[in-house]
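Undergrad: curious how this folds, go ahead:
(chains A and B)
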Amino acid sequence: MLNTWIAASIVAVVAGVTGFFAVLRGSTFAAHAIPNGAFAGAAGASLLGINVIWGLAVFAVGGALGIGALGRKARHDVVTALALVLMLGLGALFVSVSSQYAEETYSLLFGEVFGVSRGEVLPIAGLGVVAAAAIVLAFRPLMLTSALPEVADARGVSTRRTELYFLVVMALATSMTVPVVGALLMFSLMIGPAAAARSVTARPGVAMALSVVIALVTVWLSIALSYRTNWPLGFFVGVAGAVFYLVAQVRK
Amino acid sequence: MHYLFEPGLLSSGPVRTALLVGAVVAITSGVIGVFTVIRGQSFAGHSLADVATTGGSGAFLIGLNQFWGFLAAGVAAAGLMEAIGVQRRRGRDVATGVVLGAALGAAALFLYLGTLHTATTGASFTVLFGSIFVISPDTVPALVASGVVAILSVSVLARVLLLTSLSPDLAKARGVNVRLVGAVYLIALAISVSLAAVAIGAVLSTALLIGPSATALRVTKSPVRAMAASAVTGLAATWLGIVLAYDSYYWPPYGHGWPVSFFVVALVLVGYLLSYARRPRRLAPRSPHEGAECSPA
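TA: Residues are numbered from 1 along each chain as shown, chains lettered A, B, ... in the order given. All right, here's what the predicted structure looks like:
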């Protein structure tokens, strides 16, 4: 329980920070696709009997690179959709071949309060620090390419390379999240708080901080409620994200 | 041939149902998917599928046939997306995403409650990844009828739909009700997504919707030919996928088939990658900053 709480708090901070840029850049679909793909990695890793987090990382980063590389040649949304279904299809195969209990699949997809073991907290913290540092280091180019792509081009900041960089960071952030909130709901945690924060304030720094705060509140609330009711963690995360967004929209 | 077609393939009832349903699904998705790709609505298509998951798991919870759950949730979501406003593109992706997240959360709850009451553990796998071999023959007429309705409504509207997809302003100037056309199209999309969800699972239905159409649009410029090519590609992938899945009972691990959905998705993707061998042509001009956007206009 304590492990989950620590891991989930790290996850919330990183999701808040990455989610802010995902919303700003309109990478909503990629933010949805990469965690889903990571599910396949987790299923594959448990098939091979290695630590789930490595499977998650390999598939998430692989998916991000694939979307970035192929998206150069073709329509971005089409490539994202196809990468997404390929990885989910692989996930379905791994799950069905490995004949493990259905509950494990379920908790990978929808999250589970007790999904984090003691050994997983350290890698999650490590990946979290790397992902957050990567975003903070590249804060200016990311802002510039998101808000003013023309100016970025003129200043010699490559839009393409920044996009790829961002996708990889998002993949890293994802691989730590999936065991906690589940592949399908990671996306809610990234988009919901960030979208709510963005509709409250226009200032980037404040919006980012607010997005982190909302993500933390969402996660803490969800863990407490999930612990009490034994309902899936993902349900509370999904609903809380939507509620925060609606409240922010109404207040606007 | 004997190696590809294992004995007893065509005499098996479930396989025949699967081949029939697979054909309906592949053709519907192929035809409608062409417009989804042209309109840049891959995310919308995928979101409808994910929201349909909620309906499918809700139906499972109250013991209804999953198709009706998929369909009800899909059509409701299409209406909601239309209400949110297709015009505001920037906010649309985010709004879609938030709705999608809440819907998936509800799906998680339904599946959890469902497994709690009925003690069947395979349900989440069936809803998410499909199980074409266990479709009951009773639902086949409903599936075929829905597919025909979707294809007919899109075919009747094909010219207008194409015009509104490529140039909404021109369509408006000619007195076309752009919103109505968009709404009809979204409902047809919801039907086709529900069909695909029955066959290869809610989260994978995007494969049949987007894959064959994107492949076809890379090969030919004409929308009509693209629709035909995409239907044929989808059909080939689905049937071959069913045959391979049937054969896979004899592959390792023995006595346990590989999922149909995996084969269909893999074949669809192989088709798409093969289309790179040809010189690409595109229907819609590409905007310089498309990379930063999820759904190009």
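Undergrad: longest helix in chain B, by residue count?
TA: helix B:89-118 (DSSP state H).
Undergrad: chain A too?
TA: helix A:204-229.
Undergrad: any idea which helix or strand carries the residue in the stretch 101-250 of chain A that chain B sits nearest to?
TA: Using Cβ to the nearest Cβ, the single residue of the stretch 101-250 of chain A nearest to chain B is A:Gly238, 2.2 Å away. Where you see a C-beta, it was placed from the backbone N, CA and C, and this is true even at glycine. A:Gly238 belongs to helix A:233-251 when assigned by DSSP states H and E.
Undergrad: go on, A:Val157?
TA: Counting by DSSP H and E, A:Val157 is found in no helix or strand.
Undergrad: in this structure it contacts A:Thr145, no?
TA: Yes - applying Cβ atoms under 8 Å as the test, A:Val157 and A:Thr145 come out as touching, 6.1 Å apart.
Undergrad: what about A:Ala194, distance to B:Val219?
TA: A:Ala194 sits 39 Å away from B:Val219, going by Cβ to Cβ, to the nearest Å.
Undergrad: okay, those two: which has more neighbours?
TA: When neighbours are counted by other Cβ atoms under 10 Å in any protein chain shown, A:Ala194 comes out ahead of the other of A:Ala194 and B:Val219, with 33 against 18.
Undergrad: wait, doesn't the more buried one sit right on A:Val212?
TA: No - between A:Ala194 and A:Val212 there is no contact under Cβ under 8 Å: 9.3 Å.
Undergrad: which neighbours do the two have in common?
TA: Overlap between the contact sets of A:Ala194 and A:Val212, as judged by Cβ atoms under 8 Å, 6 or more residues apart in numbering or on different chains, is given by A:Gly16.
Undergrad: between A:Val157 and A:Thr145, which one's more packed in?
TA: Shown here are A:Val157 and A:Thr145; by other Cβ under 10 Å, A:Thr145 has more neighbours (28 against 16).
Undergrad: list the contacts for the more buried one?
TA: Contacts of A:Thr145 by Cβ under 8 Å, 6+ apart are A:25, A:152, A:157, A:159, A:162-163, B:292.
Undergrad: show me the two of those residues that sit farthest apart.
TA: The most widely separated members of the contacts of A:Thr145 are A:Arg25 and A:Val157, with 13.8 Å between them, by Cβ to Cβ.
Undergrad: which ones are touching the residue nearest to B:Ser136 when sequence neighbours are not counted?
TA: Closest residue in space to B:Ser136, ignoring its immediate chain neighbours: B:Asn65 at 7.6 Å, by Cβ to Cβ, 6 or more residues apart in numbering or on different chains. For B:Asn65, the contacting residues are B:59, B:136, B:139, by Cβ under 8 Å, 6+ apart.
Undergrad: look at the last one and report its pLDDT.
TA: The score at B:Thr139 is 83. That number is its pLDDT.
Undergrad: residues contacting the closest residue to B:Trp258 other than its chain neighbours?
TA: Spatially, and ignoring its direct neighbours in sequence, B:Trp258 is nearest to B:Ser248 (4.0 Å; Cβ to Cβ, 6+ apart). B:Ser248 sits next to B:257-258, B:263 when contact means Cβ under 8 Å, 6+ apart.
Undergrad: among the residues you listed, which one has the most neighbours?
TA: Ranked by the number of neighbours (other Cβ under 10 Å), the contacts of B:Ser248 place B:Phe263 first, at 24 neighbours.
Undergrad: kindly export stretch A:158-167 (C-alpha atoms) in PDB.
TA: The C-alpha coordinates for stretch A:158-167 follow below in PDB (Å, rounded to 0.1, in the frame of the first residue of the first chain):
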ATOM      1  CA  SER A 158      14.100  21.400 -35.200                       C
ATOM      2  CA  THR A 159      10.300  20.800 -34.800                       C
ATOM      3  CA  ARG A 160      10.700  17.200 -35.800                       C
ATOM      4  CA  ARG A 161      13.500  16.400 -33.400                       C
ATOM      5  CA  THR A 162      11.700  18.100 -30.500                       C
ATOM      6  CA  GLU A 163       8.600  16.100 -31.300                       C
ATOM      7  CA  LEU A 164      10.600  12.900 -31.200                       C
ATOM      8  CA  TYR A 165      12.300  13.900 -28.000                       C
ATOM      9  CA  PHE A 166       9.000  14.600 -26.400                       C
ATOM     10  CA  LEU A 167       7.500  11.300 -27.600                       C
END
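Undergrad: show me how far it is from its chain's centre.
TA: Mean C-alpha position of stretch A:158-167 versus that of the full chain (Cα atoms, centre = their mean, to the nearest Å) differs by 17 Å.
Undergrad: and it, what's buried?
TA: Going by neighbour count (16 or more other Cβ atoms under 10 Å in any protein chain shown), the buried part of stretch A:158-167 is A:159, A:162-167.
Undergrad: which stretches of the stretch 1-150 of chain B have low pLDDT?
TA: Counting by pLDDT under 70, the stretch 1-150 of chain B contains low-confidence residues at B:1-11, B:84-92, B:117-124.
Undergrad: could you do the stretch 151-297 of chain B as well?
TA: Along the stretch 151-297 of chain B, the parts satisfying pLDDT under 70 run over B:252-256, B:278-297.
Undergrad: quick one: pLDDT of the spatially most central residue of chain A?
TA: Geometric centre of chain A, nearest residue: A:Thr174, 3.9 Å, by Cα atoms, centre = their mean. Residue-level confidence at A:Thr174 comes out at 80, pLDDT.
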